[in-house]
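Test case, fold it:
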Amino acid sequence: QLQFVESGGGLVQPGGSLRLSCAASGFSLAYYAIGWFRQVPGKEYEGVSCISSSGGSTNFADSVKGRFTISRDNAKNTVYLQMNSLKPEDTAVYYCAAVLTPCFRRGWDADFGSWGQGTQVTVSS
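Below you'll find the model as predicted:
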């Protein structure tokens, strides 16, 4: 089973930035498309962003386009989510997982493996 460790969350004021990291545990994530997801307790999860195994293809939810970027460093076995211009509605637990459908395809966020333990992002003044 593929295991991921998310980190980098925290408390930030509206308009601030955070960079989340998704590290692979015990395997190389270079072969996998990786997605970031978020969930607020009691609500459905949202697929935030996806990056192909090569990094050449990315996809973003409309709610974060223009504010978030995704990147990967396969040598460091890590995928990053840079979040800028954060809003209170970005508050959630963020998770990463292997995505089993190409990122450019509609529905990429419905076909994925197991999440890690998640990292809390709170945007509040």
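
For the rest of this, base every contact and every neighbour count on C-alpha atoms.
OK.

Can you list the low-confidence ranges for this protein?
For the chain, not a single residue meets the criterion pLDDT under 70.

now the strands: where do they sit in it?
Ranges of strands in the chain, per DSSP state E, are 3-7, 10-12, 18-25, 33-39, 46-51, 58-60, 68-73, 78-83, 92-99, 119-123.

Bridged to the nearest residue to Gly10 once chain neighbours are set aside, which residues?
Distances taken as C-alpha to C-alpha, 6 or more residues apart in numbering put Val121 closest to Gly10, at 5.1 Å, once the chain neighbours are dropped. Assessed by DSSP bridges, Val121 has beta-bridge partners Gly10, Ala92.

who's in contact with Val121?
Gly9, Gly10, Leu11, Val12, Asp90, Thr91, Ala92, Val93, Tyr94 (C-alpha atoms under 8 Å, 6 or more residues apart in numbering).

out of those, who has the most neighbours?
Tyr94 (29 neighbours; other C-alpha atoms under 10 Å).
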